[in-house]
Every structure is written in structure tokens, then in C-alpha cells.
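Asks: Got a sequence here, can you model it:
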Amino acid sequence: MLGTSDLAVAAAAATVPDIKLNDGNAIPQVGLGVLRIEDDAVAPVVESALELGYRHIDGAAGYNNEGGVGRALAATGYNTGEQRKKLWLTTKLRDSQQGYDSALSAFDDSLKLLQVDYVDMYMIHWPTPFDWRSGDTWKAFDKLREEGRVKTLGVCNFLPEHLERLHDETGEWPAVNQIELHPTWQQRGVVEFCRKHGIAVEAYSPMARGADLNAGDGVIAKIAEEHNVSPAQVILRWHIENGTIIIPKSVHEERQRQNLDLFGFALTLEEHAAIDKLDGPKRAGHDPMKFTYA
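Replies: Just a heads-up that it's a prediction; the model follows:
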């Protein structure tokens, strides 16, 4: 028989909707991001999220904490068996290891660190157009998918021209494009292109690392007060209503709880439009045309 806490966790997990992907798989719309958490500190953060009902963990080899994530999964039983089937686990290839053979080798290393037999999604972390290897990398990803060690193939930070080049070389659109996306950097052209081609959009830095909480002369705060929720919940709810997958990061249990508690209120059309108007010309992160990570 389930206890009260077990019922609360089950209810939280059940509340989060799935986003159907172009490959037939379905990803929980809300996940936990683990960027900038040290390897020796990430395990309790992941364990806390799983306890609260998160069933989507978004990591990367370049975060240098896959080992800690793996320890959390092993400690909670989410690395094998029926528990593993309930979890969506993403990791990403280091840009320095793009290419066919190097990607296959890197993936083996990630699996060992994560202590799992497969990942739900493997992603190219940055397009690196100045050193383009995404076509060959994708062929390695396809092999991993054929072997059943990866379910879904995705990319991060790809602009339309990168998506088109990848499609020209492989004949395939990725299932997900994970991009910087928040009220003051909405990337509407990228989002429109992705939707046109059946690519799900996933937002990292969904609150611009906290900067957007104060955007628009108190617009977010006023909406939050109207609904008796936090400004962070307002922004995350805006993403949810846009159909975007989100991976907010927090090392604090209460904020993790709030970031999952997005389904007891809805924005009005006017409130949603007010947040739409916050779009601006400046990103908080890096330029995909120039940047490489790890």
C-alpha cells in the first residue's frame, strides 16, 4: 500500500504531460537540468528530484557530473528494471568527441558513468559549424539507436541552417532541438522552423538564469501575485502553455517542488501576451555560430 509521500510523488509524476516526438517516443514535458553542479554534489540533487516526482533528467558529458548522476540512479533503483522504464534520461556528446568512431567510444564511457544500459535521448551538444562533423556523428547515433542503446536522437543549439544541413546529409530531422529560450530571448524563427518540421523544442535557461524574473518592469511579479504563485512558476507555466519541454535547474528541494507544480493554474490570454511582449534582442548564453562546449 502506498504511503502519503508515495502518493504525492505518484501524483506529481502523473500531472506532468508527455510531449509526443516525431519518432513515436514521448518525453515528460518537465525535467531537471544538472548543468553547473559538481560531480560530488549532484547525486543528492537528482535523488531529491526523483523523490519529488521528476521522471526526466537532462545531463551531458560536458557537465562532468555523469558519474554523480549515475550514483543517484543506482542509489534510487532508477538505473535498472521497471524503475528505469519510468525515467527519461538524456545525455549529450562532448563537442570534442564528435565524429563517428569517437562518438561511439564516448557513448560507452557515458553509459558506464551513468550506470545504465541505455539512454532515452542522446544529443549533439553544439553544431560547431566552423568544424562541422554532425553528419558523421549522426551516423554513429543511428547505429546506437539500431542497437537499442539510445531511443531518441536530438540536437542542441541548432539554428535552421544547421538543421537543414543535417537533414541534407542524413535524411532525418532530429526529434528534439534543445535551445536557449526564455521570455527575453524567444527565438521565434528557430521555434517556427522546428514546428514546421516536427521537431520538438526544449528550453534550457528557461528563466535566463533568473534574470527574466524581473523582466518588464514587474510584469512577471504582477502575474504571479494574481495567481498566488512564484514568478518562476509564471515563466515556466508560459513555457508549458507554449508546448515547450523545460529543464529548470535547482539544487534546492523546495524550488524543485515549485518547478514541478505548474498545473494548478493557467495564464489568461492577456497575461500570456504580456510575457510574449518581453522578447528582446540579446541572449543570455552563447552564440551557436561561434561556440563549442567541452
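Asks: So residue 57, which state does it fall into?
Replies: Secondary structure, DSSP: H, G, I helix; E, B strand; the rest coil: residue 57 is strand.
Asks: so which strand or helix has residue 104?
Replies: Using DSSP states H and E, residue 104 maps to helix 100-114.
Asks: For the protein, which segments count as helices?
Replies: Here the chain has its helices, by DSSP state H, at 4-15, 39-52, 66-76, 81-85, 100-114, 134-146, 160-170, 188-196, 219-227, 231-241, 253-260, 269-276.
Asks: ok, now which ones touch the nearest residue to residue 114 once chain neighbours are set aside?
Replies: Spatial nearest neighbour of residue 114, excluding adjacent residues (C-beta to C-beta, 6 or more residues apart in numbering): residue 70 at 4.3 Å. Every residue, glycine included, has its C-beta placed from N, CA and C. If you count contacts by C-beta atoms under 8 Å, 6 or more residues apart in numbering, residue 70 has them with 79, 113, 114, 115, 116.
Asks: Could you check the pLDDT of the residue lying closest to residue 294 once chain neighbours are set aside?
Replies: Leaving aside its sequence neighbours, residue 294 sits nearest to residue 62 (C-beta to C-beta, 6+ apart; 3.1 Å). In this model, residue 62 is scored at 98, pLDDT.
Asks: which one of the contacts of residue 70 has the most neighbours?
Replies: Per-residue neighbour counts (other C-beta atoms under 10 Å) across the contacts of residue 70 peak at residue 114, which has 25 neighbours.
Asks: Please verify my assumption that that residue contacts residue 89.
Replies: Yes - the pair residue 114 / residue 89 is scored as a contact, 7.0 Å apart, by C-beta atoms under 8 Å.
Asks: Are there residues contacting both of those two? Which ones?
Replies: 59, 73.
Asks: ok, how many other residues are close to residue 145?
Replies: 16.
Asks: Kindly apply the preceding question to residue 109 instead.
Replies: Per other C-beta under 10 Å, the neighbour tally for residue 109 reads 13.
Asks: which ones are touching the closest residue to residue 87 other than its chain neighbours?
Replies: Among residues not flanking residue 87 along the chain, residue 78 sits closest, at 4.9 Å (C-beta to C-beta, 6+ apart). By C-beta under 8 Å, 6+ apart, the contact set of residue 78 is 50, 72, 84, 86, 87.
Asks: Next up, the contacts around the third one.
Replies: Translated: residue 84. Here residue 84 is in contact with 73, 78, 116, 117 (C-beta under 8 Å, 6+ apart).
Asks: farthest pair in the contacts of residue 78?
Replies: Largest separation among those by C-beta to C-beta: 72 and 86, giving 14.7 Å.
Asks: Looking at those two, which has the bigger crowd around it?
Replies: Per other C-beta under 10 Å, whichever of residue 72 and residue 86 has more neighbours is residue 72, with 25 against 12.
Asks: Give me the pLDDT for that one.
Replies: What the model reports as pLDDT for residue 72 is 98.
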